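Enquirer: Here is the input, now give the coordinates:
(one chain, ligands or ions: 3)
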Amino acid sequence: MIESIRCNMARLGAELEKLSSVTEATPPAVTRVVFSDADLRARNFFKDLCRKANLRVREDGIGNIFARWQGSDPGAAAVGTGSHTDAIPNAGLYDGVVGVLGGLEAIRILQEKGFEPRRSIELLMFATEEPTRFGVGCLGSRAIAGTYDEAKILSLRDGDGRNPSEAARRIGLSGEMNALVLSRDYYDAFVELHIEQGPVLERIDLPIGIVTAIAAPASMRITFEGEGGHAGTVLMADRRDALLAGAELALAVDEIARATGSPDTVGTTGMLEVFPGAINSIPSRCMLGIDIRDTQLATRDLAVAGTKLTAREISERRALPLTIEMINSDPPATCDPRIVAAAERACEVLELKPLRMVSRAYHDSLFMARLFPTCMIFIPSRGGVSHRPDEYSSPEQIARGVEVLALTLAQLAE
Ligand code: HGY
Ligand code: MN
Ligand code: MN
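Expert: Ligands and ions are numbered 1, 2, ... in the order given. You can find the predicted model right below:
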């Protein structure tokens with residue numbers, strides 16, 4: 001096993017810096033929604049770096065990018081690594097990007113070490129990890145895992161009414177959605193390097209997290225229909241105000257999540273759309289976008305059921321019709337012990353103390369784990385902050401994560 005390895009943080013830092021400037025927000029905020037111009041520039045930047053590292057690059061119809069370092073045994077299943085570079089509005093520069101550019105750096109420092117992989121090592125940049133454009137996250141990895149077939153993908157729409165194929169073709173992708181699934185023997189292992197996006201590693205002052213399980217995410221849209229009307233002339237007794245039902249439900253989502261008895265249950269009303277949205281007009285429609293998660297499927301489903309029940313009770317009491325649309329409801333993932341052990345051995349060689357932990361955020365690994373033995377490596381997030389411009393991991397923390405990833409990949413590719 002390679003006994004020492006060093007991340008070239010000057011090189012990686014410059015690339016992180018460059019990519020952070022590819023944004024549709026005012027830096028340091030990063031907005032890079034899939035299939036936007038910023039996304040296209042990020043893709044071209046990444047593919048160019050991969051070609052410079054002599055990786056063989058291909059892109060599938062939905063925009064997953066695969067950059068392969070050919071191993072000596074072309075018939076052997078490859079080892080995969082990677083993450084995403086799309087970013088929600090007003091986000092930070094590390095979410096996903098550390099796993100994509102850090103994955104490339106891990107490959108380069110192995111190449112520079114003279115390591116020769118038996119199994120090919122393949123770096124992925126997944127399309128659409130964030131739900132911003134199509135309302136559901138991890139579209140690229142769902143497609144690879146076969147969780148979403150062509151019909152399901154084409155049923156989605158963005159704000160302009162385009163389906164993913166139409167939106168992908170606008171930036172020059174084929175938009176072919178019928179050949180995205182990978183076979184189970186395509187990867188022997190998949191490892192994703194990612195920022196923790198939570199406070200645990202920083203609080204206990206450890207440099208590396210090794211993920212043993214990924215929480216089960218669910219999201220839904222609940223819409224109340226009211227009557228609307230003039231804010232001055234409709235008396236209070238005659239009103240059927242949709243926003244008030246939405247306000248009650250948003251508070252209930254918070255209470256339900258706190259009441260499950262599990263500290264791992266989280267409930268968020270991240271979207272609240274009011275129609276017509278005029279200050280002097282009573283809301284006639286209110287849509288809530290609700291995100292509910294837990295590491296245990298049964299507890300998560302209990303919170304989802306409780307939310308639906310409460311929404312129906314509010315609808316009855318206020319005589320406001322409602323619609324409930326489940327967007328996604330995914331099982332949790334368990335990471336593979338063999339890869340967990342490889343990552344721990346890498347930490348031992350590098351004299352780093354890791355923490356075995358769960359991931360409360362979902363990641364593309366949640367879906368890669370449907371087909372392949374999968375694991376994640378976390379680095380600390382300052383203050384546990386993420387999905388904000390002040391998201392931050394230090395160059396030292398990033399370098400440690402890259403070095404652990406490199407030695408983990410080397411073990412898996414031997
Ligand atoms: O929401 C998530 O967990 C991920 O960061 N998209
Ligand atoms: Mn994210
Ligand atoms: Mn992410």
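Enquirer: Quick one: residues contacting Ala237.
Expert: Under the criterion of CB atoms under 8 Å, 6 or more residues apart in numbering, the contact list for Ala237 is empty. The way it works is simple: take the backbone N, C-alpha and C, and place the C-beta from them, glycine included.
Enquirer: Okay, domains of the protein per the record?
Expert: When the chain is parsed with automatic domain parsing, its domains come out as 9-215+332-413, 217-329.
Enquirer: Just the endpoints, please. Distance across the first one?
Expert: Spelled out, that is domain 9-215+332-413. Taking CA to CA, to the nearest Å as the measure, domain 9-215+332-413 stretches 24 Å from start to finish.
Enquirer: With the last one instead?
Expert: Between the opening and closing residues of domain 217-329 we find a distance of 6 Å, counting by CA to CA.
Enquirer: Quick one: mean pLDDT over that domain.
Expert: Regarding domain 217-329, the rounded mean pLDDT is 97.
Enquirer: List the contacts of the nearest residue to Gly63 once chain neighbours are set aside.
Expert: In space, and not counting its chain neighbours, Gly63 is closest to Ala127: 3.5 Å by CB to CB, 6 or more residues apart in numbering. Remark: with contacts taken as CB under 8 Å, 6+ apart, Ala127 is in contact with 34, 62-64, 84, 86, 139-140, 168.
Enquirer: Ok, Cys286 next?
Expert: For Cys286, the contacting residues are 223-224, 226, 242-243, 245-246, 272-275, taking CB under 8 Å, 6+ apart as the criterion.
Enquirer: and of those, the nearest to ligand 1?
Expert: Ligand 1 lies nearest to Leu272 out of these, by CB to the nearest ligand atom, at 17.5 Å.
Enquirer: can you list the residues of the protein near ligand 1?
Expert: Near ligand 1, the residues belonging to the chain are 129-130, 137, 361-362 when assessed by CB under 6 Å from any ligand atom.
Enquirer: Tell me the most packed of the residues you listed, by neighbour count.
Expert: Of all those, the highest neighbour tally under other CB atoms under 10 Å goes to Gly137, namely 28 neighbours.
Enquirer: So that residue sits against Tyr362, correct?
Expert: Yes - judged on CB atoms under 8 Å, Gly137 makes contact with Tyr362 at a distance of 6.4 Å.
Enquirer: what touches both of these two?
Expert: With contacts taken as CB under 8 Å, 6+ apart, Gly137 and Tyr362 have Pro217 as neighbours in common.
Enquirer: gap between the two ends of stretch 271-286?
Expert: OK, stretch 271-286 end separation, CA to CA: 10 Å.
Enquirer: With stretch 81-91 instead?
Expert: Between the opening and closing residues of stretch 81-91 lies a distance of 23 Å (CA to CA).
Enquirer: how about that stretch: buried residues?
Expert: Residues of stretch 81-91 classed as buried by neighbour count (16 or more other CB atoms under 10 Å): 81-88, 91.
Enquirer: cool, and stretch 175-189?
Expert: For stretch 175-189, by 16+ other CB under 10 Å, it's 175, 177, 180-182, 186-189.
Enquirer: try stretch 259-270
Expert: Neighbour counts over stretch 259-270 (16+ other CB under 10 Å) mark 260, 262, 264-267, 269 as buried.
Enquirer: hmm, back to that, next one: the residue nearest to Gly63 from Trp69, what distance?
Expert: When distance is defined by CB to CB, to the nearest Å, Ala127 is 21 Å away from Trp69.
Enquirer: now swap in Ile379 and tell me
Expert: As judged by CB to CB, Ile379 and Trp69 stand 23 Å apart.
Enquirer: Same question for Ala413.
Expert: 9 Å.
Enquirer: Now do the shared contacts for these two.
Expert: Common neighbours of Ala413 and Trp69 (criterion: CB under 8 Å, 6+ apart): 117, 120-121.
Enquirer: Could I get the contacting residues of the nearest residue to Phe115 once chain neighbours are set aside?
Expert: Setting aside the residues directly before and after it, Phe115 is nearest to Ala410 in space (CB to CB, 6+ apart), at 5.6 Å. For Ala410, the residues meeting the contact criterion (CB under 8 Å, 6+ apart) are 1-2, 110, 115, 117.
Enquirer: One more: Phe224?
Expert: Under the criterion of CB under 8 Å, 6+ apart, the neighbours of Phe224 are 242, 245-246, 249, 285-286, 314-315, 318, 320-322.
Enquirer: before we move on, the earlier item: out of the contacts of Cys286, list just those in helices.
Expert: Using DSSP state H, 242-243, 245-246 are the members of the contacts of Cys286 that sit in helices.
Enquirer: ok, how many other residues are close to the closest residue to ligand 3 within the stretch 301-414 of the chain?
Expert: Scanning the stretch 301-414 of the chain for the residue nearest ligand 3 gives His363, at 5.6 Å (criterion: CB to the ion). The burial metric for His363, expressed as a neighbour count using other CB under 10 Å, is 28.
Enquirer: before we move on, the earlier item: so for the residue nearest to Gly63, what pLDDT did the model give?
Expert: Ala127 carries a pLDDT value of 97.
Enquirer: quick one on the thing from earlier: tell me the most buried of the domains of the chain?
Expert: Per-stretch averages of neighbours, counted by mean count of other CB atoms under 10 Å, single out domain 9-215+332-413 among the domains of the chain, with a mean of 21.
Enquirer: How far off centre is that one?
Expert: On the basis of CA atoms, centre = their mean, to the nearest Å, the separation between the geometric centre of domain 9-215+332-413 and that of its chain is 9 Å.
Enquirer: try stretch 214-234
Expert: 26 Å.
Enquirer: which non-adjacent residue is nearest Leu110?
Expert: In space, and not counting its chain neighbours, Leu110 is closest to Ala406: 5.4 Å by CB to CB, 6+ apart.
Enquirer: For Phe378, name its beta-bridge partners.
Expert: For Phe378, the beta-bridge assignment (DSSP bridges) gives partners His194, Gly209.
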